[in-house]
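J.: Using only what follows, build the 3D model:
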Amino acid sequence: MKETIIKVENLYAGYNSKAIMEDLCFDVKKGEIFVILGGSGCGKSTVLKHMTGLVPPVSGKILINGTDMVTAEGEKRNRLLQTIGVAFQNGALFGSMTVLENIMLPLEEYTSLPKDAIKAIAMIKLKLVNMEDSAYLLPDELSGGMKKRAAIARAMALDPAILFLDEPSAGLDPLTSASLDSLIMNLAEVLNISFVIVTHELESILTIADNTIILEKKTKGIIARGKPKDLKADKSNPYAYKFFNRNEGKAGFDIRQ
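T.: Below is the predicted model:
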C-alpha cells in the first residue's frame, strides 16, 4: 500500500471566520493523481489555496509528510513549501523573462547553486515537459498548452514531492488537453510525484485520476469519494452519478450549482 503524503483533518475551508466547506477529511498517497471536483463556488480552489499555504483555513490540519502546513512557521515552513510546487490556471509566467529564466527563478531564490548549474537544471525540467526547444521564447510567444507545460516545469524546479495544479486543461482544445493529461500521468509514474488537481474537465478526470473527492455547496462537504470510474457507474449516489454522466444525455444537472 502506498504511503500517505498528505492528510487533511477536520478542515474548515474559507476565509476569516466564514467556512465554505466544513469538516473535510481526506488523504493523498505518494505518487497518486488526486482530483478535487465540484460545482462552481463550492470551494475547490479555496481548498487548494489552503493546501499550498497561500491562505490559512478557518480551522483544521493539513499534514504534509507529517508536518502541519497550517501551523508551521519560519524555517520549518520554508522547508515545507519547498517540497511542493504550484501551477496556476493562467500559468503566471513573468512576461518579461524567457521561459528558461522563469524556470531558473525558484532555483536562484532558494538555492546557492552556481549559474551554470541552475541553467542546466532548468533545461532538464523543460526537457521533462518537452519544452527545451522553447527555452528562449517569451511567454507571449507560447500557445496555451505550452504555457501550461512551462508552468509545470517551473513548479518542478526544486524537485517537489507534490504538484498542485489549478484547472490545467482550462481553455485548451481536446488534443492539447489530452497531451497534457499524458504528461501528468507520465510525470506521476516516472518521478513518483503526487498530484493534487482541481478541474471539472470530465474526460481529463476519467483519464488521469487515481482518486477523487466531490465537494458539494449545499451540504458544505464531501458528497462522494473514490475512483472516477467507480463513481461513474454507481447509481446509489445521484449527485456523483449525474456529475460523471452529464455528457450522456442525463438531464437535470448543472455543475455550477
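J.: C-alpha from now on. contacts and neighbour counts both.
T.: Fine.
J.: Next secondary structure after the helix or strand residue 50 falls within?
T.: Taking DSSP states H and E as the criterion, residue 50 maps to helix 44-51. Moving toward the C-terminus from helix 44-51, the next helix or strand (DSSP H and E) is strand 59-64.
J.: Tell me the neighbouring strands of that following strand, and mark each as parallel or antiparallel.
T.: strand 4-15 (antiparallel), strand 67-68 (antiparallel) (DSSP bridges).
J.: in the helix or strand where residue 190 lies, what counts as buried?
T.: Element membership of residue 190 [criterion: DSSP H and E] is helix 174-191. By neighbour count with 16 or more other C-alpha atoms under 10 Å, helix 174-191 contains the buried residues 176, 177, 178, 180, 181, 183, 184, 185, 187, 188.
J.: Double-check the first one against residue 146; I have them as touching.
T.: No - counting by C-alpha atoms under 8 Å, no contact exists between residue 176 and residue 146, whose distance comes to 9.2 Å.
J.: and for those two, which residues touch both?
T.: Contact criterion C-alpha atoms under 8 Å, 6 or more residues apart in numbering; residues shared by residue 176 and residue 146: none found.
J.: rewinding a little: of the strands paired with strand 59-64, which is nearest residue 101?
T.: Nearest to residue 101 among these is strand 4-15 (30.4 Å), distances taken as C-alpha to C-alpha.
J.: Determine the angle, from 0 to 180 degrees, between the helix or strand just after the closest one and helix 44-51.
T.: Taking DSSP H and E as the definition, the helix or strand that follows strand 4-15 towards the C-terminus is strand 18-29. Between the axes of strand 18-29 and helix 44-51, defined by axes from the mean of the first three to the mean of the last three C-alpha atoms, to 10 degrees, the angle is 70 degrees.
J.: Packing partners of strand 18-29?
T.: In terms of contacts (3 or more C-alpha pairs under 8 Å, 6 or more residues apart in numbering; DSSP states H and E), strand 18-29 is packed against strand 4-15, strand 194-198, strand 221-226.
J.: Return the most buried member of those strands.
T.: The highest mean neighbour count among the helices and strands packed on strand 18-29 belongs to strand 194-198 (a mean of 25), with neighbours defined as mean count of other C-alpha atoms under 10 Å.
J.: Quick one: residues in contact with that one.
T.: With contact meaning C-alpha under 8 Å, 6+ apart, strand 194-198 is reached by 28-37, 44-45, 48, 161-168, 188.
J.: got the contact list for the next helix or strand after that strand?
T.: Tracing the chain C-terminally past strand 194-198 and defining elements by DSSP H and E, one meets helix 202-208 next. Residues external to helix 202-208 that are found in contact with it (C-alpha under 8 Å, 6+ apart): 33, 35, 169, 177-178, 181-182, 184-185, 199, 228-229, 244.
J.: do that again at 7 Å, thanks
T.: Residues lying outside helix 202-208 but in contact with it, judged by C-alpha atoms under 7 Å, 6 or more residues apart in numbering, are 33, 181, 185, 228, 229, 244.
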